Each structure stands twice: as structure tokens, then as C-alpha cells.
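Asker: Structure for this input, please:
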Amino acid sequence: MTENKKFTTVSFFNSRLTSVISIALVLFLLGLILLMGLMGDTLSRFVKENITFSVVLKDDMSEGEVKRMQKKLEAEPFIKSIEYISKEQASKELEEELGERPETFLGFNPLQASLEVKLHSEYANPDSLQLIEKQFKKYTNVSELLYRKDMMEVVNDNLKRIGIILLSLAAVLMIISFVLISNTIRLLIYSKRFLIHTMKLVGATHGFIRKPFMIYNMVSGIYASILAMLLLMGALYYLQSELAGFIDLINTDALLMVFAAVLVLGILLSVVATFFAVNKYLRMGVDKLYYI
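Answerer: The predicted structure is shown next:
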């Protein structure tokens with residue numbers, strides 16, 4: 001008798017553990033997609049605001065004129081930041097890349113001073129850049145503007161495409177989540193199908209029969225949600241260790257929203273799946289219980 005009780009307890013624990021882990025993995029993937037979707041705007045802004053273009057200055061421009069020009073440009077609404085790169089600094093940067101200063105083999109420094117400009121994200125698109133380019137060319141001391149127009153277009157197109165892909169993935173994963181969680185819960189309730197039938201025979205109402213199953217799987221959904229949140233935090237910690245500054249892209253409010261969504265979905269999907277799974281056996285005749 002004791003051995004049977006122990007076996008039943010172990011079996012109960014194993015089935016619950018399997019259920020919780022299965023649901024948690026599905027919720028983890030769903031939470032990851034939701035987090036990436038909410039991070040999309042921040043990531044888009046980060047990428048766009050780190051695309052720079054160079055305003056090449058004429059050699060006869062004095063340092064005072066550069067400072068006045070830089071101060072005037074910093075007041076423009078489309079400018080996020082401006083960094084002045086002198087001829088000497090440009091030469092040092094080239095030396096770091098090539099291992100030799102250009103003066104060594106040319107006898108003079110052919111590089112020109114420049115302003116490295118970063119734009120606010122809403123202006124970092126080809127249409128806005130055309131207008132900004134015209135505005136820069138009004139300055140007589142500007143020699144030319146250097147930027148990769150094709151790269152700017154590619155970045156904007158890819159960011160839009162990523163947004164659509166993430167939205168589609170979230171929708172597909174939501175459907176898959178419900179199916180997987182539903183199948184996991186059905187397997188658990190399958191072993192209780194004769195108990196459900198017995199309760200029907202003694203006059204128990206459908207609501208009374210459903211209640212313990214609903215509570216059991218709701219608690220499992222909460223456990224699974226907590227496990228999924230821990231997995232998400234672990235994934236974020238790993239990404240931060242591999243990609244410095246990654247954590248700066250994550251909005252705390254967005255992270256809390258994802259955790260809340262994972263918890264709600266864990267409970268909601270478990271309860272809904274339990275409702276339909278129990279109803280299946282409530283409607284089933286005793287003769288069919290032996291053949292499923």
C-alpha cells in the first residue's frame with residue numbers, strides 16, 4: 001500500500017514537472033519574441049542614431065570658424081551630436097588602421113578636417129538626408145558630404161522587414177503555444193478520464209468536475225510562467241555578457257510588460273486549454289473512453 005502511494009506521488013510529481021517545463025519553454029519563446037518586438041523601436045533608434053556621415057571641411061578654414069559652425073549646427077533639431085576631427089587626428093586614425101602615417105610615404109598629410117555628424121533617428125532616412133545635404137552645402141567652407149546612401153536605405157528597409165517578421169512570428173507562436181499547451185494538458189487529463197466519468201455518474205455538475213482541474217493547471221501555469229521569466233533573465237544576462245551595452249537597449253517598462261504578459265498567458269492558456277480538454281471527456285460516452 002505504501003509502495004503504491006509512493007509510486008503515485010512520484011508519478012504525480014513527474015507528470016506535473018513535465019507539464020511545467022513544457023509550458024515554460026513555450027512561454028519562454030513567446031516572451032522572447034514579445035521582448036524583441038517591444039525592443040524593436042529602441043533598437044531601430046539605436047541603429048539609426050549610430051550611423052554617421054562626414055562633413056569634409058576646406059583646408060583654409062580656421063579653428064575659430066570651425067567652432068562657430070559646430071555651435072550653429074548643434075542648435076539644429078536634426079543633429080544629435082557632432083565631433084570635430086582635425087587633420088592630425090584623421091592622420092593618427094589612418095595610422096592605426098594601416099600601421100603607417102600618410103606623411104611617411106607622401107611627404108604631406110592629404111587628409112582634410114571633418115565633422116562627424118550623428119542624426120536623431122527620425123531624420124536618419126534618405127528623404128531627410130537630401131534636405132539636410134542641401135542645408136550643409138549652403139556653408140561655403142564645406143568641401144563635400146560623405147555618407148553611404150545605399151547603406152541608409154538598406155538599414156531602413158531591413159528594420160521594417162524585421163518588424164513585420166517579428167509580428168508574424170508572435171502571431172504564429174501564439175497559435176503554436178496554445179496547441180502545445182493544450183496537448184500537454186490533454187495528456188494529463190487523459191489519465192483522469194475514468195475519474196471524470198465516475199464523478200458524472202454520482203451526479204457531480206460539470207462546473208464541480210472542472211474546478212479542481214482548472215485550479216491544478218492554473219497553478220502549473222504560474223509555475224511555468226515563473227520558470228519562463230527566469231529563463232528570459234538568464235538569456236538577457238548571457239546576451240549582456242556577449243554584447244556589451246545590450247542591456248541599455250532594454251526598457252525596464254518593456255521588460256515588466258513582457259513578464260506580466262508571460263504570467264497572464266501562462267495562466268490564461270492553461271485555463272482555456274484545461275476547459276476544452278475536460279469538456280471533451282465530459283461529453284464522451286463511457287464506451288468511447290476505452291478506445292481513445
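Asker: Now do residue 114 against residue 86, distance only.
Answerer: For residue 114, the distance to residue 86 (C-beta to C-beta, to the nearest Å) stands at 9 Å. (Each C-beta comes from the backbone N, C-alpha and C, glycine too.)
Asker: give me the element residue 145 is part of.
Answerer: strand 142-146 (DSSP states H and E).
Asker: Please read the previous query as pertaining to residue 118.
Answerer: strand 114-119.
Asker: Give the rounded mean pLDDT of that strand.
Answerer: For strand 114-119, the mean pLDDT works out to 82.
Asker: likewise stretch 284-291?
Answerer: pLDDT averaged over stretch 284-291 gives 65.
Asker: Surely residue 52 is in contact with residue 114?
Answerer: No: counting by C-beta atoms under 8 Å, residue 52 does not reach residue 114; the two are 10.3 Å apart.
Asker: quick one: which of the two has more around it?
Answerer: residue 114 (23 against 17; other C-beta atoms under 10 Å).
Asker: residue contacts, that one?
Answerer: Residues counted as contacts of residue 114 (C-beta atoms under 8 Å, 6 or more residues apart in numbering) are 54-57, 84-85, 90, 146.
Asker: number of nearby residues for the residue lying closest to residue 49 once chain neighbours are set aside?
Answerer: Closest residue to residue 49 apart from its sequence neighbours, by C-beta to C-beta, 6 or more residues apart in numbering: residue 121 at 5.2 Å. Residues lying near residue 121 (other C-beta under 10 Å) number 18.
Asker: Next: residue 203.
Answerer: Other residues close to residue 203 by other C-beta under 10 Å number 7.
Asker: Can you tell me how far it is from residue 280?
Answerer: Per C-beta to C-beta, residue 203 is found 20 Å from residue 280.
Asker: do residue 22 as well
Answerer: Relative to residue 280, and taking C-beta to C-beta, residue 22 is found at 19 Å.
Asker: So these two - more neighbours on which side?
Answerer: For residue 22 versus residue 280, neighbours defined as other C-beta under 10 Å are more numerous around residue 22 (18 against 15).
Asker: from what I can see the more buried one touches residue 180, true?
Answerer: Yes: counting by C-beta under 8 Å, residue 22 touches residue 180, with 6.9 Å between them.
Asker: Now residue 81: closest residue in space, sequence neighbours ignored.
Answerer: residue 118 (4.8 Å).
Asker: what number of residues lie near the one you found?
Answerer: With other C-beta under 10 Å as criterion, residue 118 counts 17.
Asker: same thing with the one 10 residues further on?
Answerer: Residue 128 has 15 neighbours, counted by other C-beta under 10 Å.
Asker: What pLDDT does the model give it?
Answerer: 76.
Asker: For it, list the residues it contacts.
Answerer: 78, 119, 122.
Asker: give me phi/psi at the first one?
Answerer: Recorded main-chain torsions at residue 78 are phi -90, psi -10, according to degrees, to the nearest 10.
Asker: Check the last one too.
Answerer: For residue 122, the backbone dihedrals (degrees, to the nearest 10) come out as phi -70, psi -20.
Asker: With the flanking residues excluded, which residue is spatially nearest to it?
Answerer: residue 128 (7.7 Å).
Asker: measure that neighbour to residue 224 for me?
Answerer: Counting by C-beta to C-beta, the gap from residue 128 to residue 224 is 46 Å.
Asker: Ok, residue 146 next?
Answerer: Going from residue 146 to residue 224 by C-beta to C-beta gives 53 Å.
Asker: how about the helix or strand containing residue 67 as CSV, C-alpha atoms only?
Answerer: Per DSSP H and E, residue 67 falls inside helix 63-74. What follows is helix 63-74 as a C-alpha-only set of coordinates in CSV (Å, rounded to 0.1, in the frame of the first residue of the first chain):
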residue,chain,number,x,y,z
GLU,A,63,39.7,76.7,-35.9
GLY,A,64,37.5,79.6,-34.7
GLU,A,65,35.3,79.3,-37.8
VAL,A,66,35.0,75.5,-37.2
LYS,A,67,33.8,76.1,-33.6
ARG,A,68,31.3,78.7,-34.7
MET,A,69,30.0,76.4,-37.4
GLN,A,70,29.9,73.5,-35.0
LYS,A,71,27.9,75.5,-32.4
LYS,A,72,25.5,76.7,-35.0
LEU,A,73,24.9,73.2,-36.3
GLU,A,74,24.4,71.8,-32.8
